[in-house]
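1. Here is my input; please provide its structure:
(one chain, ligands or ions: 1)
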Amino acid sequence: MSSVKINTSWTFEAAHQLHAMPDGHKCRRLHGHSYEVVFEVRMSADKDGMTVEYGELRAIVERLDHRYLNEIEGLASPTTENVAAWILAEAEKLPSLSRDPGTDITVRVFEGAHRHCASVHRQGF
Ligand SMILES: [Zn+2]
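-> Numbering: from 1, shown residues only. Got it, this is the predicted structure:
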């Protein structure tokens with residue numbers, strides 16, 4: 001069966017503090033960002049032509065919206081890299097993604113106006 005590649009993205013607003021930064025660094029202070037999350041999924045479609053339900057991916061992002069990220073389990077150090085890894089770990093739990101052992105997923109998280117980006121990838125389930 002041939003594979004299908006889908007791309008979808010959502011935004012969220014959230015606050016965080018990076019306690020690992022040195023004293024006096026602006027990122028140690030409480031502040032917020034506008035984030036964009038981009039999912040790229042390559043997998044086989046099922047008999048109805050479906051891959052992943054977009055709403056399931058959106059629901060993961062909505063769990064971060066208007067939150068203090070440091071308080072979310074698994075995000076005590078909410079760097080862009082860790083936010084991307086957290087989202088990928090949550091996506092890996094979706095039955096629709098793990099249905100195909102060849103599923104390939106990339107999560108990119110863009111942070112703030114400077115568009116800092118962290119990208120994490122998993123090939124195969
Ligand atoms: Zn920040």
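2. Let's verify the most centrally placed residue in the chain: helix, strand, or coil?
-> Most central in the chain under Cα atoms, centre = their mean is I87, positioned 3.4 Å from the mean C-alpha point. Assigned by DSSP: H, G, I helix; E, B strand; the rest coil, the conformation of I87 is helix.
3. I'd guessed it sits against V61; true?
-> Yes. Using Cβ atoms under 8 Å, I87 is in contact with V61, at 7.2 Å. Placement of C-beta: from N, CA and C, glycine included.
4. what do those two both touch?
-> V37 (Cβ atoms under 8 Å, 6 or more residues apart in numbering).
5. Tell me the spacing between L30 and Y68.
-> As judged by Cβ to Cβ, to the nearest Å, L30 and Y68 stand 8 Å apart.
6. Which one of the two is surrounded by more residues?
-> Y68 (14 against 9; other Cβ atoms under 10 Å).
7. tally of neighbours for the nearest residue to the residue nearest to the centre of the chain once chain neighbours are set aside?
-> Spatially, and ignoring its direct neighbours in sequence, I87 is nearest to V107 (5.0 Å; Cβ to Cβ, 6 or more residues apart in numbering). By other Cβ under 10 Å, the residues close to V107 number 25.
8. Run through the residues that contact V107.
-> Counted by Cβ under 8 Å, 6+ apart, V107 has contacts V37, V38, F39, E40, A84, I87, L88, A91, S119, V120, H121.
9. Just give me how far stretch 73-84 sits from the chain centre.
-> Relative to the chain's own centre, stretch 73-84 is displaced by 10 Å; criterion: Cα atoms, centre = their mean, to the nearest Å.
10. ugh, wrong one, stretch 2-17
-> That offset, for stretch 2-17, works out to 6 Å (Cα atoms, centre = their mean).
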